[in-house]
Each structure stands twice: as structure tokens, then as C-alpha cells.
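Asks: everything below, folded, please.
(2 chains)
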Amino acid sequence: MSDIGVVLQVTGLSKRFGAVQALDGVDLTIRAGEVHALVGENGAGKSTLVSLLAGVRQPDAGRILLSGREVRFRTAHEAAAVGIAAVFQELSLVGSLSIAENIFANRQPVNRFNLIRRGELRRQTRRVMEMFNVDLDPDDLVEHLSAAERQVVELLKALSAGPCVLLLDEPTSSLTQRETGILFSLIRRLKQQGTAIVYISHHLPEVLELADRVTVLRDGRHVATRRVDEIDENELIRLMVGRELRDIYGRGAVVRERVVPRLIVEGLSRAGVFHDVSFEVRSGEIVGLAGLVGAGRTEVGRAVFGADPAGSGRIVLDGRPIWPRRPQDAIRAGMAYVTEDRREQGLYLRHSVRDNLAAPRLERFRHRFGWIRDDRVDQYAEAICRRFRVVTPDIFQIVGRLSGGNQQKVLLAGWVGIEPRVLIADEPTRGVDVGARTEIYGYLRDLAASGTAVLLISSDLQEILGMSDRILVMRGGRLVARFDRREATEDGIIAAALGANR
Amino acid sequence: MSPMTVGWFRRISRLAELRILLVVVAFGLVMWVYEPRFLKPDTINTILLYLSCYAIIACGMTLLLVSGGFDLSVGSVSALAAMVAAVCMKNPAVPLAWPLAVLVGLAVGAGVGLINGLIVARLGINPFITTLGTMLLCRGLTYIVSGGVGRSGFAPQFCWLGQGMIGGVQMPIVISLALVVLGDLLLRKSRFFRQNYYIGGNEQAAWLNGIAVNRIKVLNYAVSGTMAALAGLIFCSRLNAATPNAGDGDELKVITAVIVGGASLAGGKGTVLGAFLGCLLLAMIRPAISFLPIEDHWEKAVVGAILLVAVMLDRLGRREG
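Replies: Numbering: from 1, shown residues only, chains lettered A, B, ... in the order given. Model (predicted):
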């Protein structure tokens, strides 16, 4: 443990948003060359704290000291100028510009006429990339990059200024195991250079692997700061949630003879994306679909749902062959699809909880002449909110203001509300805190118990292992492995996903 | 979340219309105090007539804005539709009967709307650019079709559309009010039209929820074009003349009115009632100016100022909420 001096210190930091006290007198000490993790449920105040440190918002009370000197930021720009860089979940890249132009946004090397020196820009970009072992073309446009690659560019953007403190907010949420490993080695290198890193994550195993110390926040207050070698996952959860959370995945119903498959997929193919995918999901089963990012899992899910129809193959639902050409067809047949991208493709962020919940089953609210009974919609929305314990002042609350976990619950609840025969859930707990996660797992289990066939697509291996009755693994657009719950192991799945030779 | 809360909140949730209603009422009262002639039947009639043209177009425009679309071509389409109908009716060789001419005019509006819709929905081209193009195209066609010269002197039955009265109320006002009531009802209560709010809120999510996004968008543009054509025909009938430069600048006035009435350029918000109130506010400005010791050309400036204030108030309201 490095005992180089404290580089960043926070005392009595508080911030209120309307009626919500997001941060309440938080103290924090960050040392140079350490990785300091910040954990807590959604709404605990982690993102607020980071936004204050990054200068995006101003605190109501408290002080921030950088190397002993008190600092006040009015803008993120000022924070960056003193050496605090942040990488948030919402990327700040401009798609139509190149990687180089994004990394050096507003800091491009210029000649005396203030014109950008392209050659020098490219050179400096390459230098930064080499420092961190990144292999991308500086002139490539950002809009052509994958989500993971954009994350890397965002990181390089923050790092290129040589910050003394780096704030990372859920950096691995869209990265594969391999890319996460690369990120970690990058972070370790930064540690050696003396950079302090504040790391927010919901992924506790990651935190325990990477961090030196971890601070737990709950309800805007500092609960504990511990060294990572003095604590384990259960203790962390206990501190975060304030109660014991054993076995958050729950237990599946006793394996009975599930005879009839509800969903049969045969030979599903789409040129260049996936090939000859065949599987079945039975009533009451949860089938997990694992694989690396880019293996084609989401694409298969969307194809079965008719969002991006496949080129060829067969789909049979409850004994009837169907071929959904658009989501409408799939919904009519009784399918539900929870998208992995709840903000961009799943929810209506500017609309109310009530409108969001009504969306997947607008047809059912139709009365005579096609009129909608608004009181029925309200009743339905209230009932669903109660059943799913959505934390919201009322059903008219704008969904964009809810926490990530509650947003995900609204998305899931809306689809569960159509009483689907088949549910395809793509990354249902991405960016969701432990408390809400447990609830979501419970709802998925309940849904399966009531007879729905559930296809669970996830990059979270623990989740797949904990929830699935059977596990399918995809790689490069093909289904390469099938496991039963009893024989599946983390190593086995990873090996299949990577294509490593046994 | 008791039933009581729902009822109370429902009334408050009409906040956007409440605000503009208050502004309209306040404006009317202030003007009336300053100049009692402002609320005399004559003036009110003028206001309603002036408003009716924009209100008809605003019905279609609201539909578009709610779904995230935009139509700059309405002014030109109204002129083109009227001119085509006029030319048909005044054709020296084969004059078309006025009912058919009206149908042709409406078809022109629907046709242009269809083209707008197909380009925006199928080709994915920005509605601003698309409708800018059709706006210029239609204006040009109006001049071409008319030879640069207006047409006038139509059949009296045709003129009844714009000059006639029902129950002592002028036809344009009757038609526009009927359309506003129908439009508001449909957009508010009909499941089919409510889908537009979802399309405007998040197109991708709407698609995944099974909403036929492209089809509805094309329909919206067709409706907008038809409404524009209707407005053009009614006023051609009222003036008993079709001119190539009719409706110039109408599109901006209508968009302003709809936004002042609570819609957002981003989509997902707005009602026909609000748009109507917006039109009402804008229609009150010219008569108000004529009573005030300021010149007529202040109208444009005032309209612009109102738009800016409305948008700023809306943004402020959202931040606090």
C-alpha cells in the first residue's frame, strides 16, 4: 500500500436536489497511486460525488482539497485544468469526427495561425495510444467504432491530459472480459505512475480484484472505507444494503419434466451476423445465452423478435410456426423483448412512468371505437408499480428522473404486463444496483414459474450461472456450446466463448 | 397513490394548456381594459377568421410535431392546392365542376404530404430539409400552373365554403372549430393517434413496442398536406381569388402557434387544444396592434418575441419540475 501523500481530500461534502439529499456530509481521502473504489446502491450518491469532484456540479457544503489546497470548480473545464479527469457512462464523443480529434478535443496542436496541425495531431494521438497499448487508427471516425472501442477512446481522452486524479464511472459496463483485462492493466500502469483512480462499479468481484481500498456509500452518507484485503463480497453487500442478501439469484423451481418447448428456433441465419442457430426454450425455463460482446447474441434475440428479421430459418411458438417481420408480429404472437439499451431503445425518458408502462400493451386499453380509457391505464400502472415496487413518487413521474434500477424495473414490468409466452431479456440488470437486481431476478423467476419461457442474454457470467436452467454459448455468430445448470462452470463457459482449446 | 391524487393531478397535468389559456385570457383582458372595442363582436369575429386559417393547418402540424416531425411546406401547399383547383375551375376548354375541383385540390395536398412522408420515413431524410425542398417546389409549381397570374370569379356555391354562414357564424370559423374539436379528441383519446406521442418520445422504443412507425409518419405528413390544402381552398373561396403568393410565411406562423401552445420540436408533447390557443394568441396580435399607437409592422416582431418567451418559460418550467 502506497503511503505517498494524500492527493485528494473531501470533507463534509453535501448536495441536495430538490427534496432529495443526494450527499450528506461525506468525507473521503484518496491517495496518489491508489485505486479507490466507490460502491453503493443506485441513489447512494456515488455519481453525485463524482460529478462534484469533476466540476460538473457545485456542492452545497463541504470542501475539496487537492494536494492540500482547497479548490472550487465552477465548470468541468476548471477541474480538468487542475488535473482531475473524468470518464462517465454517457460518452462525450462526437461520432462524425475522428479518434484523434475526439481525444484532443479543444486541445489540438496548432500553428501560429491557429490552424490545426494534422500531422502533429496524428503523432500525438499515436503516442497516447502506444502508451496504453491501444491499436486503433487515429483517423478512423468514432461512429464506426464499437461500444467498447468508444469507451477506450473516451478513456484516452481523459488520460491524454495527464491527470493526477482519474474518475471512472462504470467503465466496464460495455466491455468484454478480455477488454476489461486490458483496462485493468492500463489502470495498474497508471497506478505505478502515481495517478490516483476513483472507480465506481456495481460489479463487486471487479472491485475486489482491482481496487486497493473501497468506500461504501448508502443514502448519501459515508458508511465505511476498508482495504480490499480486509473485506469480502458478502461484507460489502451487507454494508451497501444494510442487510444480509444471501443468494441473490434465488432458487429455480424443482426441475420437473418440462415437456413442451414454447419456443423452438431452427437454423436461424443472417448473412454475416449469425449462422445456423438452433435452440429451444421450454415453459418455465430460463435459458441463458452467454458469449463475448459481438458474438451475435443480441442480434439473435432481435431476429427472433422480428426487430431485425433473420434471413432464413424456422421459428415455432407454442407449436405454431411464425416468422415475425416486425416487432408487432412477435408481440401479437405473445413475445416480449427487453432491450439491452434501455435509454436509447427501451424507455421514453421524457414521458411518465404510466405512459411507459402502457406502451407495450396499448392495444389492450382500447375500448369501443378505438378510444383509450385513461382511468384503466392509471389503474394498471399503479398496480404494476406496486407489484414491482418501483420507487417513484407517483405514476406521473418522468422516467428519466428515476434511478437506473427503477428505470430497468419499469422497462421489464411493462413487458411482463403483457403476460408474454416468451420473454427475451437482454442484459436486464446492466447498470443496476444490488437491491434492484435481486428484485429483478425474483420477477424473472416468478415469470418463469408462471409458465413463460425466458431467454436471458447476459454478459454477466455470475448472473448466467445463477439464473439459468440451461446455458447456451455463442461465438462468432454460432452456437458453440450447451451446458446444463449442473455441469456449467465459469471456466467452461469462458473457454467456449473464447474458443480456447481444452 | 389514491384515486384522489390521480384526479387532482390530472387537472394539473393539463398545465401546458392552462398556461397558454391564462396568457390568452390575460392578453384579452388587458387589451379590453385599454380599448373596450377589442372585445366587441366585430373584433372577435376578425380574430376568429384570422385564426381559422392557421387553426386548420395547425391540426395537422400538431400531429406532426408530436411525432417528432416538421412541415415547412404547408404555406406553399395551400397556395398550390387552391391554384390547381382554381385553374381547373377556370379552364377555358373544360371547366371542372367545383366539387371535383375541391377534391383535386385536396388530393394535391395529400399527394405532396405523401411525398414528404415517404422521403422522411422511408429515406430517413431530415424533415426540415425535405419540407424545405417541397415548399420551394410547390411554390414554384404554383407560379408555373398559374402562369404567374391569379384566378378569380368562381361559382357561388364554391364561394359559400369561405363566405357562407351557419347559424350566424362564418363558415371558415365553423370548419376550423369543428376540426380542432375533432383533432383534439382524436389525438387525446384515440389509441391510434396516441401512438404519435410514443413515436415522438422515442422512435426506436416505439418500433420495439410494435408501433408501425413509418406508416404512421407517412400518414401524418399526408394529413398535414391535406389540412394545408383545405385551408388554402377555404380562403381562396372566401376571397373569391387564388393568387400565386398566397400563404407565404404561413408555415412559420403555424409552427410558432403550435409551439407556443405547448408542443416541442423534439416531439412527444403538445395538443391540438394548445395549438388552437396558440393560434388564438397570435391572431389577437394584429387587431391589438391596430388599436395601439404602434405601427402594423410590429406584428412580426411581437410574434417572434412571444415564441422566444414561450420557449424559455417552458424550459424553466421543466428544470424546476
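
Asks: any idea how many residues pack against residue A:366?
Replies: Residue A:366: 15 surrounding residues under other C-beta atoms under 10 Å in any protein chain shown. Quick note: C-beta positions are derived from backbone N, CA and C, even for glycine.

Asks: ignore what I typed, I meant residue A:419.
Replies: For residue A:419, using other C-beta under 10 Å, the count is 14.

Asks: relative to residue A:331, how far out is it?
Replies: Distance from residue A:419 to residue A:331, counting by C-beta to C-beta, to the nearest Å: 12 Å.

Asks: for the nearest residue to residue A:83 once chain neighbours are set aside, list the residues it contacts.
Replies: Computed as C-beta to C-beta, 6 or more residues apart in numbering or on different chains, the closest residue to residue A:83 that is not its neighbour in sequence is residue A:164, at 4.1 Å. Contacts here follow C-beta atoms under 8 Å, 6 or more residues apart in numbering or on different chains; on that basis residue A:164 touches A:7, A:32, A:66-67, A:83-84, A:194-196.

Asks: report the separation between residue A:164 and chain B.
Replies: Separation of residue A:164 from chain B (C-beta to the nearest C-beta, to the nearest Å): 34 Å.

Asks: and that residue, what are its phi and psi?
Replies: Here is the backbone geometry of residue A:164 (degrees, to the nearest 10): phi -90, psi -20.

Asks: tell me the pLDDT at it?
Replies: Per-residue confidence for residue A:164 comes out at a pLDDT of 89.

Asks: ditto for residue A:201
Replies: Reading off the model, residue A:201 has pLDDT 85.

Asks: residue B:157 now?
Replies: As predicted, residue B:157 sits at a pLDDT of 85.

Asks: test my guess that it contacts residue B:98.
Replies: Yes: using C-beta atoms under 8 Å, residue B:157 makes contact with residue B:98 at a distance of 6.0 Å.

Asks: counting neighbours, go ahead and name the busier of those two.
Replies: The neighbour comparison of residue B:157 against residue B:98 (other C-beta under 10 Å) goes to residue B:98, with 20 against 12.

Asks: can you tell me the closest non-neighbouring residue to residue B:306?
Replies: Residue B:306 sits nearest to residue B:260 (C-beta to C-beta, 6+ apart), 6.1 Å away.

Asks: ranges for the helices of chain B?
Replies: Under the criterion DSSP state H, chain B contains helices at B:3-12, B:15-34, B:41-66, B:74-89, B:98-122, B:127-146, B:156-163, B:171-189, B:191-201, B:203-208, B:213-239, B:250-260, B:272-291, B:298-320.

Asks: buried set for the longest one?
Replies: In this case it means helix B:213-239. Within helix B:213-239, the residues scored as buried using 16 or more other C-beta atoms under 10 Å in any protein chain shown are B:213-214, B:216-239.

Asks: for it, packing partners?
Replies: helix B:41-66, helix B:74-89, helix B:98-122, helix B:156-163, helix B:171-189, helix B:191-201, helix B:203-208 (3 or more C-beta pairs under 8 Å, 6 or more residues apart in numbering or on different chains; DSSP states H and E).

Asks: what would these look like in TSV with distance to chain A?
Replies: Output for the helices and strands packed on helix B:213-239, formatted as TSV (distance: least, C-beta to the nearest C-beta, whole Å):
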stretch	distance to chain A
helix B:41-66	12
helix B:74-89	26
helix B:98-122	14
helix B:156-163	29
helix B:171-189	5
helix B:191-201	4
helix B:203-208	4
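
Asks: for chain A, which residues are neighbours of chain B?
Replies: Selection of chain A residues close to chain B by C-beta under 8 Å from any C-beta of the partner chain yields A:305, A:307, A:326-328, A:330-332, A:337, A:339, A:344-351, A:355, A:359-360, A:362-363, A:365-366, A:370-372, A:374-375, A:378, A:382, A:385-386, A:394-396, A:398.

Asks: report the buried members of those.
Replies: Buried by 16+ other C-beta under 10 Å: A:305, A:307, A:326-328, A:330-331, A:337, A:339, A:345-351, A:355, A:359-360, A:362, A:365, A:371-372, A:374, A:378, A:382, A:385, A:395-396, A:398, out of the residues of chain A next to chain B.

Asks: in helices, which of these fall?
Replies: Among those, the members falling in helices (DSSP H) are A:305, A:327-328, A:330-331, A:355, A:374, A:378, A:382, A:385.

Asks: and the gap between the residue nearest to residue A:83 and residue A:296?
Replies: Taken as C-beta to C-beta, the span from residue A:164 to residue A:296 is 42 Å.

Asks: nearest spatial neighbour of residue B:194, chain-adjacent residues omitted?
Replies: Residue nearest to residue B:194 in three dimensions, not counting chain neighbours: residue A:372, with 6.1 Å by C-beta to C-beta, 6+ apart.

Asks: the one you found and residue B:189 touch, don't they?
Replies: Yes: contact status for residue A:372 versus residue B:189: in contact at 5.8 Å, counting by C-beta under 8 Å.

Asks: tell me the confidence at residue A:415?
Replies: On the pLDDT scale, residue A:415 is placed at 93.

Asks: tell me the SS of it?
Replies: helix (DSSP: H, G, I helix; E, B strand; the rest coil).

Asks: neighbours of residue A:498, how many?
Replies: Residue A:498: 15 surrounding residues under other C-beta under 10 Å.

Asks: got it, and residue A:107?
Replies: Other residues near residue A:107 come to 13 when the count uses other C-beta under 10 Å.

Asks: tell me which element it is part of?
Replies: Using DSSP states H and E, residue A:107 falls within no helix or strand.

Asks: mind listing what the residue lying closest to it once chain neighbours are set aside touches?
Replies: Closest residue to residue A:107 apart from its sequence neighbours, by C-beta to C-beta, 6+ apart: residue A:161 at 7.3 Å. Taking C-beta under 8 Å, 6+ apart, we find residue A:161 in contact with A:80, A:83, A:85, A:107.

Asks: any chance of a markdown table for these, columns secondary structure?
Replies: As requested, these are exported to a markdown table (three-state DSSP):
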| residue | secondary structure |
| --- | --- |
| A:80 | helix |
| A:83 | coil |
| A:85 | strand |
| A:107 | coil |
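
Asks: just the buried members of these?
Replies: Buried members of the contacts of residue A:161, scored by 16+ other C-beta under 10 Å, are A:80, A:83, A:85.

Asks: quick one: which of the residues you listed is nearest chain B?
Replies: Closest approach between the buried ones among the contacts of residue A:161 and chain B, by C-beta to the nearest C-beta: residue A:80, at 25.3 Å.

Asks: for the closest residue to that closest one other than its chain neighbours, give me the pLDDT.
Replies: Distances taken as C-beta to C-beta, 6+ apart put residue A:161 closest to residue A:80, at 6.4 Å, once the chain neighbours are dropped. With respect to pLDDT, residue A:161 scores 82.

Asks: ok so residue A:161 is a helix residue?
Replies: No: going by three-state DSSP, the assignment for residue A:161 is coil, not a helix.

Asks: surely the residue nearest to residue B:306 touches residue B:283?
Replies: No: the criterion here is C-beta under 8 Å, and residue B:260 misses it with residue B:283 at 11.8 Å.

Asks: who's more crowded, the two?
Replies: Ranked by neighbour count (other C-beta under 10 Å), residue B:260 and residue B:283 place residue B:260 first, with 28 against 23.
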